[in-house]
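Trainee: here is a sequence together with a model predicted from it:
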Amino acid sequence: MDEQRILVIPGSVRRGGLNAALAQFASGKARSLGLQVAQMDLRALELPVYDGDLEASSGVPPGAHQLRDAIADSDGLLVVTPEYNGFPPPLVINAFDWLSRVPAGDSRPDGLKATAGKPVALLSASPGLYGGLRSINFLRQYLQMAFQMVVVPQQFTLGRAHEAFGPDGELKDPKASQSVVGVVSALAALAGALRGAEARGR
Ligand SMILES: Cc1cc2nc3c(=O)[nH]c(=O)nc-3n(C[C@H](O)[C@H](O)[C@H](O)COP(=O)(O)O)c2cc1C
């Protein structure tokens, strides 16, 4: 089987952001596990806040099609997101809301078909003690319920994340590092199993 392709989506694009740092760290671990890693820059998609009138007049923006393509071309997703007021940030929810509006075309699935049955793992980082636990619990429900994604049971939240990284971008705490590897490995195992099942069903 080819290398598995993992799409990493940092839920914050802030320069020097903690979730971008955790996404970078997890991407490195994924590569050492033999996975092919692509990173999605949500800012580069230039998605406006979802607006039904805008959709009616101009259609779904190209950035949402780009997100659909990247998801369709991956075997699994790793979303690394902050927590804003106990919830995933609008950057993440808005991108997925637009994704859900992407129609099928050019022999590509619609947005919801691209996500259905696809595995996704969740990580979060925050300076707070709980590291964005509430955010990923909501995100788990949202991706499972609305997008029919298969959310990996293992998840990890990095608390006190502003103190967690060394100057080399590595996590200082070996236990935290091991937890990230655990989540990435679980994602790879699930993506592999689902790909195998799909190939057998063909
Ligand atoms: C609007 C807003 C709401 C926030 N709410 C929470 C929160 O509920 N829980 C939490 O742990 N941190 C919260 N924070 C702090 C973020 O965790 C912190 O800014 C973090 O660094 C953002 O992630 P980033 O570094 O990847 O950009 C909030 C920050 C903002 C801007």
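Mentor: Happy to help now that I have it.
Trainee: mind checking the longest strand of this structure?
Mentor: Scanning the chain for the strand with the most residues, using DSSP state E, yields strand 150-158.
Trainee: export that one to CSV, keeping only CA atoms.
Mentor: Listed next in CSV are the C-alpha coordinates belonging to strand 150-158 (Å, rounded to 0.1, in the frame of the first residue of the first chain):
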residue,chain,number,x,y,z
VAL,A,150,-14.8,8.8,12.2
VAL,A,151,-13.3,10.6,15.1
VAL,A,152,-10.3,8.8,16.6
PRO,A,153,-11.1,8.0,20.3
GLN,A,154,-7.6,9.0,21.4
GLN,A,155,-7.1,12.8,21.8
PHE,A,156,-4.7,15.1,23.5
THR,A,157,-4.8,18.6,24.9
LEU,A,158,-1.6,20.4,25.8
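Trainee: what is that strand packed up against?
Mentor: Strand 150-158 makes packing contacts with strand 119-125, helix 133-145, helix 174-201 when contacts are defined by 3 or more Cβ pairs under 8 Å, 6 or more residues apart in numbering; DSSP states H and E. (C-beta placed from N, C-alpha, C; glycine too.)
Trainee: that strand versus helix 133-145: what angle between them?
Mentor: Interaxial angle, strand 150-158 versus helix 133-145 (axes from the mean of the first three to the mean of the last three Cα atoms, to 10 degrees): 170 degrees.
Trainee: and the angle from strand 150-158 to strand 119-125?
Mentor: If you take the same axes, to 10 degrees, strand 150-158 sits at 10 degrees to strand 119-125.
Trainee: off-centre distance for stretch 95-109?
Mentor: Centre-to-centre, stretch 95-109 and its host chain are 17 Å apart (Cα atoms, centre = their mean, to the nearest Å).
Trainee: regarding it, how distant is the last residue from the first?
Mentor: When the termini of stretch 95-109 are compared using Cα to Cα, to the nearest Å, they are 17 Å apart.
Trainee: how about that stretch: buried residues?
Mentor: 95-102, 108-109 (16 or more other Cβ atoms under 10 Å).
Trainee: among those residues, pick out the one closest to the ligand, please.
Mentor: A95 (15.3 Å; Cβ to the nearest ligand atom).
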